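K.L.:
I need the structure of the sequence given here:
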Amino acid sequence: MKKNFILTVLIILLLSTVVMRIAAETVYIDELQTSESDSIVFQNYSGPHNKIDTIEEIRGIGQFLGRKISSKSGEFTFFGKYNVIHAVDPNTSAGLDADIFILQEAAAVDHIINLRRMISGFLEEAYNYDVEQADLLAEFITVYNAVHRSDLDYFGLKYKPVVTKHLLEEKVGIALSYLEWPGKTMLIIPLTPQAGDDVLSDLDTDILSDEDVINQLRKDDDKGIDIRQDLVELKDEEVLEERDKIEEERDKIEGKEKELEQKRDELEDEVEKLVEDKTEDSEERIEKIKDELKDIEAEEEELAEEVKKLDEREEKVEEREDRIVEEREKIAEDQMKKIEEEGGSSDAAVDTVEKQPVIETVPFLKLSADLTGLYSGQLLLVDVEEGSIVKTSEVDSIRLRGYSYDDDEIISVAGSEGANRIVSLVRIDPETLEIIDSATAEVFIESAVIEKSGSYYAVVKNDGWKIGVFDNDLTLQSISDVEVFPATDIVISGRDIIAQNKSGRIIKIGEEDFSSPAF
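P.N.:
Numbering: from 1, shown residues only. Predicted structure coming up:
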């Protein structure tokens, strides 16, 4: 039999506020690997939506913007919600070019996975990465930008003025909470000089994976081993591609050198013959040949300069190969540590599982004020005997007034207003604390929730605020004809409901006063 409970309120008053500042045309992958801070954990919205976009639609936002990228600087928008600034300056050698992926005030993205999907779609179209490569880079891009959040000094040292002139301290990078993303996010995507040449090294993967970023990943339980391995493999592909390009360019230069050498020999032979023959036109022709030989010499000097540049590129490739070897060694060390940690405790863990007693838990709503000043809660499972937290739900937008709970399910008001989010009824699994179902009708953010005979009563929006009746599938079946005060109590007495109307007067609403909702 189901029971109605009022959630226990846990309000933690902070005596002081700790402000944390996270120093935090091919994508520069190495730059994406640097950062110093605590473990990067993004806070995502977990609640009902009034519209759920498909993965294809979400990736399509980034793909739309990616198709706008060319060799020239420019700014492009997706319906005023998402912008990209392609900031490149071929006339400046010091520093990096970049793409700046901006979330405007109207941006609706509220989960890091979906943001990464947008970025991945952008990289697909702008720089011809395949989906797997783009997904990998998108993950590094978000971590890199979280690490360097608001750090204008860092970006000033790494990037060209064409990039930094657009950056604002309060917006550059990305905050950990989705609540701070719209209008306050400028994701920096570092580009190499080869960006746009349809090469793997469009993004600077060394920047994206600098020491600080790797240190961040190593703080994760899995030490970021898989994603680090994937990036090292991508770097290997970049190195192979660069070596092939260098070899191809050397072959072209050698071909040109042979052509010039052959031409030089022919001209010198011609000079010898002209000297021997001494015709009227010999001197004039010899002077022209001298000019041609000077041109050949100039071309040979240019080719020698190109060879020198190729030698420098090859030296950089060798240095990069050494760094990749070091990265592989660090990954191997972390793999061994992880294996030792898991292996050393495996027998004990099995024994613990076998002997672990059944823990009696109760749901508890931990409350905190959101940015609007309203209280929203996160469900916890608390060990009754120890008072310790056994499990924490990802759902952090549950509202205070009440909820219906039994051994099989929790029904509660959850969600938030804004973008494509909605406040509505949700069904939560009491063991996993995950949402398993949600209603589509908008519910008042501080509505009471009453259960009776398998139906749920709450205040819904339908031509004003009214009492709504939901079935067990959380489908809105009927609504009161009379409008009510949205924060009204809901008391069921027999077949009648006692509530306050919108002027505050106590009224009785009978079965005959309900009708099908108007959509």
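
K.L.:
which residues sit in contact with residue 113?
P.N.:
Listed by Cβ atoms under 8 Å, 6 or more residues apart in numbering, the contact set of residue 113 reads residue 44. Yep, even glycine has a C-beta here, placed from its N, CA and C like the rest.

K.L.:
can you offset everything so residue one is 58?
P.N.:
All right, first residue 58 from here; so that's residue 170.

K.L.:
can you tell me the SS state at it?
P.N.:
Look at residue 170: counting by DSSP: H, G, I helix; E, B strand; the rest coil, its state is helix.

K.L.:
how near is it to residue 354?
P.N.:
60 Å (Cβ to Cβ, to the nearest Å).

K.L.:
phi and psi next, for residue 353.
P.N.:
phi -60, psi -40 (degrees, to the nearest 10).

K.L.:
what's the neighbour count on it?
P.N.:
Residue 353 is flanked by 16 other residues according to other Cβ atoms under 10 Å.

K.L.:
over to residue 311?
P.N.:
Every residue meeting other Cβ under 10 Å relative to residue 311 is counted, giving 12.

K.L.:
repeat for the one 5 residues further on
P.N.:
When neighbours are defined as other Cβ under 10 Å, residue 316 has 12 of them.

K.L.:
I'd like to know which elements the strand or helix carrying it is packed against.
P.N.:
Element membership of residue 316, judged by DSSP states H and E, is helix 282-334. Using 3 or more Cβ pairs under 8 Å, 6 or more residues apart in numbering; DSSP states H and E as the contact test, the elements touching helix 282-334 are strand 83-89, helix 188-204, strand 260-265, helix 268-275, helix 339-412.

K.L.:
now these in TSV, with mean pLDDT and distance to residue 547?
P.N.:
Putting these into TSV (pLDDT from 0 to 100; distance: least, Cβ to Cβ, whole Å) gives the following:
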stretch	mean pLDDT	distance to residue 547
strand 83-89	57	52
helix 188-204	94	43
strand 260-265	86	53
helix 268-275	82	48
helix 339-412	79	44
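
K.L.:
of those, which is nearest residue 103?
P.N.:
helix 188-204 (17.9 Å; Cβ to Cβ).

K.L.:
following element in sequence after that closest one, please.
P.N.:
helix 209-215.

K.L.:
so the helix holding residue 316 versus helix 268-275, what angle?
P.N.:
Orientation check (axes from the mean of the first three to the mean of the last three Cα atoms, to 10 degrees): helix 282-334 against helix 268-275 gives 150 degrees.

K.L.:
how far off centre is helix 282-334?
P.N.:
Mean-position distance between helix 282-334 and its chain equals 41 Å (Cα atoms, centre = their mean, to the nearest Å).

K.L.:
could you give the mean pLDDT of that helix?
P.N.:
On average, the pLDDT along helix 282-334 is 86.

K.L.:
could you do stretch 144-160 as well?
P.N.:
Mean predicted lDDT for stretch 144-160 stands at 94.

K.L.:
same deal with stretch 491-511?
P.N.:
For stretch 491-511, the per-residue pLDDT averages 88.

K.L.:
put the alpha carbons of stretch 214-231 into PDB.
P.N.:
The C-alpha coordinates for stretch 214-231 follow below in PDB (Å, rounded to 0.1, in the frame of the first residue of the first chain):
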ATOM      1  CA  LEU A 214      50.300  33.100 -24.000                       C
ATOM      2  CA  LYS A 215      49.100  30.300 -26.300                       C
ATOM      3  CA  TYR A 216      47.000  32.000 -29.000                       C
ATOM      4  CA  LYS A 217      47.200  34.800 -31.600                       C
ATOM      5  CA  PRO A 218      45.600  38.200 -31.100                       C
ATOM      6  CA  VAL A 219      43.000  37.300 -33.700                       C
ATOM      7  CA  VAL A 220      41.700  34.800 -31.200                       C
ATOM      8  CA  THR A 221      42.300  36.600 -27.800                       C
ATOM      9  CA  LYS A 222      40.500  39.800 -29.000                       C
ATOM     10  CA  HIS A 223      37.200  37.900 -28.800                       C
ATOM     11  CA  LEU A 224      37.700  36.400 -25.300                       C
ATOM     12  CA  LEU A 225      36.100  37.500 -22.100                       C
ATOM     13  CA  GLU A 226      37.300  36.300 -18.700                       C
ATOM     14  CA  GLU A 227      33.800  35.500 -17.500                       C
ATOM     15  CA  LYS A 228      33.000  33.400 -20.600                       C
ATOM     16  CA  VAL A 229      36.200  31.700 -21.900                       C
ATOM     17  CA  GLY A 230      36.300  28.000 -21.300                       C
ATOM     18  CA  ILE A 231      33.400  26.100 -19.800                       C
END
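
K.L.:
contacts for it?
P.N.:
Counting by Cβ under 8 Å, 6+ apart, 79, 81, 88, 130, 142, 144-146, 149, 151-155, 157, 159, 199, 202-209, 212-213, 238, 240-245, 247, 264 sit against stretch 214-231.

K.L.:
which among the residues you listed count as buried?
P.N.:
79, 81, 88, 142, 144-145, 152-155, 157, 159, 199, 202-208, 212, 238, 241-245, 247, 264 (16 or more other Cβ atoms under 10 Å).

K.L.:
list the buried residues of stretch 276-284.
P.N.:
Applying 16+ other Cβ under 10 Å to stretch 276-284 flags 280, 281, 282, 284 as buried.
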